[in-house]
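Asks: using only what follows, build the 3D model:
(chains A and B)
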Amino acid sequence: MKTQNADYIKQETITGVVPMLSGERKYSFWDLFLSTSGFAIATWCYTQGAYVAQYLSFKQMLINIFCFNIVWVLIECLPVLFGVRYGIDLWVWLRSVLGIKGVAIFATVISVANFGWYAVDAQLFASSMINLFANFGVMLTAPFWKPALGVLCVILGTLIALGGPEVIKWSSRILVTALLGVGVIIVVLCFTSVPLAQISAVQPALMGDKLTTFMLSAEGNVAFAFSWSTQAVVMPRLCRTERSGYWATSLAYGVVAPFFVAAGGIMALAMFVRCGYYESDPTTMLATLCGPGFALLSLLLVAFANIGTQGVGSYVNCMIVKSGLPKVSYRLLVMIAMVYVSLLTVWGWVMEHFGTFISLAAYIQGPIIGMVVVDYLLVRKRKLSLKSVYFMKGHDAYRYTGGFNLVGLGCLVLSFALGMLFVYNPMTGTVQSPIFLVTTGSGFTALCGGTLYGLASLTPLRRYMLRDRDDLEII
Amino acid sequence: MNQENISELIDRETEKRLQIMQQPDYQFPARIGKGDVAAIAAAIVVCLTLIVCCMTGVIA
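Replies: Residues are numbered from 1 along each chain as shown, chains lettered A, B, ... in the order given. Model prediction:
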């Protein structure tokens, strides 16, 4: 029984919500950087890049992709610092901002939404594999093989997730290093296949005036950056120093993922120069630009990238759900996630409404990013009552109204509604006000959420929000 | 293990760990330095400048 308990505690530390002590950390900068990069690199990067490439000049495309991602990722990753310091993830801190029931609801809602990404990932894996086989003369019938290969991707990813951080660490060391090499080779091949001068001379299509077109593309990139936010503070708790945790996470999401988005954009432009149409599937692009032999290279890219993403994504999102529902077994959650993502993959709705889906998800994540950054830096000034956040006996600072921090929830709902009604409607793609041309829709929700929360802390509501100041025993 | 045991086990282990973290000799992971903060701020400023250049048409 004692051994069983010890094993369970070990499991709960690594795949649960129990805080991780300094001496237990196993991830260096490179371990976290490679694992997180493995998570970030998937075929959807190319889909995103090919989309932006149609509407912007070459220079503007690169700036749009890299700069919006870097700015928002550097900001949204600031909570990594407390994740590393206390060995907890974002959702444990969020108990102080949303309340325990608020976390249970939003952790579940956001993970349910996040898993939509992994259905897209599995579908892209399936369609790329079908295209790849077609290049070699093997015709796979899409109605059967698309869902079958998609589900296979989900199952292989689930096996990685069941292995936990150690399996993720070792698989990432090998796979991601190979993937980064492949990414560089792809960009070099594109530029040697189609001269840079021709790629940069492509005239973009316009969606309104130039500024509107630039900001509509930015909306996609900001939503892309936000999509990592609620998942970004789960793995850094395994890291040994704040510096390695912060930079490994920021560089993976802010530079490596956008690099592959840019590679997708460059390939799409090269395809346009060569064939007169835009293409987002890397297997088709590589086979067309560089010959069928290079399709093997894309096999490596598509198979390893998408399966790795499934694995890390499943681990991270099941951990998020566990933050809200700590008593549920990690393995059970991973298995439920496998069934859920498989169903989404076969259904196909998320893939058909990809742009709307990522913007809508970003509208929930945006206010949370804004509030947690303001809460960490300005309101709580980097100090949290760890005993209250775990609801230890006699420590009740975060026992809010019925389990909900009404101020935090109010800011979240208000930011979502204001963004949707008065700035940009992601359901219809309608720009509602000139504010969008400065902040984008998703960016507005983050700025609005942070501002409202910060302002609330300057009013008498401060007493409701900050009942932990005389309960800061561990800092 | 039933649900009650799991709950008690997690609570007990969490409490034990918080007590360890409360000890004066507990070593928290090293904090980020001023250089890191300067690098973050510089990267954001450079990116925002490039974005504004695109928005105003300076970079076409």
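Asks: starting at the chain centroid, how far to the helix or strand hosting residue A:61?
Replies: Secondary structure here is read from DSSP states H and E; on that basis residue A:61 sits in helix A:58-76. For helix A:58-76, the separation from the chain centroid amounts to 15 Å (computed by CA atoms, centre = their mean, to the nearest Å).
Asks: so the helix or strand following it, near chain B or not?
Replies: Heading C-terminal from helix A:58-76, the first helix or strand you meet, by DSSP H and E, is helix A:80-86. Yes: judged by CB under 8 Å from any CB of the partner chain, helix A:80-86 comes into contact with chain B at A:81, A:84-86. Heads up, the C-betas are built off the backbone N, CA and C, glycines and all.
Asks: whichever residue of chain A sits closest to chain B: what's its closest spatial neighbour, skipping adjacent residues?
Replies: The nearest approach of chain A to chain B comes at residue A:67, 3.8 Å away (CB to the nearest CB). Here the nearest residue to residue A:67 in space, its sequence neighbours aside, is residue B:47; by CB to CB, 6 or more residues apart in numbering or on different chains that works out to 3.8 Å.
Asks: for the one you found, what are its contacts?
Replies: Residue B:47 sits next to A:66-68, A:70-71 when contact means CB atoms under 8 Å, 6 or more residues apart in numbering or on different chains.
Asks: could you point out which element follows the top helix by length along chain A?
Replies: For chain A, the helix that runs over the most residues, judged by DSSP state H, is helix A:142-193. Sequence-wise, the next helix or strand downstream of helix A:142-193 (DSSP H and E) is helix A:196-200.
Asks: return the distance of that following helix from the chain's centre.
Replies: In terms of CA atoms, centre = their mean, the centre of helix A:196-200 is found 31 Å from the chain centre.
Asks: what is the subsequent helix or strand relative to it?
Replies: Defined by DSSP H and E, the subsequent element after helix A:196-200 is helix A:210-229.
Asks: residue contacts, the residue nearest the centre of chain A?
Replies: A centroid search over chain A (CA atoms, centre = their mean) returns residue A:228, at 2.2 Å, as the residue closest to the centre. Residues near residue A:228 by CB under 8 Å, 6+ apart: A:40, A:73, A:76, A:253, A:257.
Asks: now residue A:145
Replies: Counted by CB under 8 Å, 6+ apart, residue A:145 has contacts A:126, A:129-130.
Asks: just those: which are in helices?
Replies: Among these, the ones falling in helices (DSSP H) are A:126, A:129-130.
Asks: which of those are buried? Put it as a ChimeraX command.
Replies: The following ChimeraX line selects those of the ones in helices among the contacts of residue A:145 that are buried, judged by 16 or more other CB atoms under 10 Å in any protein chain shown:
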select /A:126,129,130
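Asks: may I see the ones in helices among the contacts of residue A:145 arranged in JSON lines, with distance to residue A:305 and pLDDT as well?
Replies: Output for the ones in helices among the contacts of residue A:145, formatted as JSON lines (distance: CB to CB, whole Å; pLDDT from 0 to 100):
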{"residue": "A:126", "distance to residue A:305": "14", "pLDDT": "90"}
{"residue": "A:129", "distance to residue A:305": "12", "pLDDT": "85"}
{"residue": "A:130", "distance to residue A:305": "17", "pLDDT": "87"}
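Asks: can you narrow the ones in helices among the contacts of residue A:145 to ones near chain B?
Replies: Okay, of the ones in helices among the contacts of residue A:145, nothing touches chain B (CB under 8 Å from any CB).
Asks: nearest to residue A:403, of the contacts of residue A:145?
Replies: residue A:126 (41.0 Å; CB to CB).
Asks: now do the helices in chain B.
Replies: Under DSSP H, chain B gives helices at B:3-22, B:34-55.
Asks: low-confidence ranges in chain B?
Replies: B:1-6 (pLDDT under 70).
Asks: done for today, thanks.
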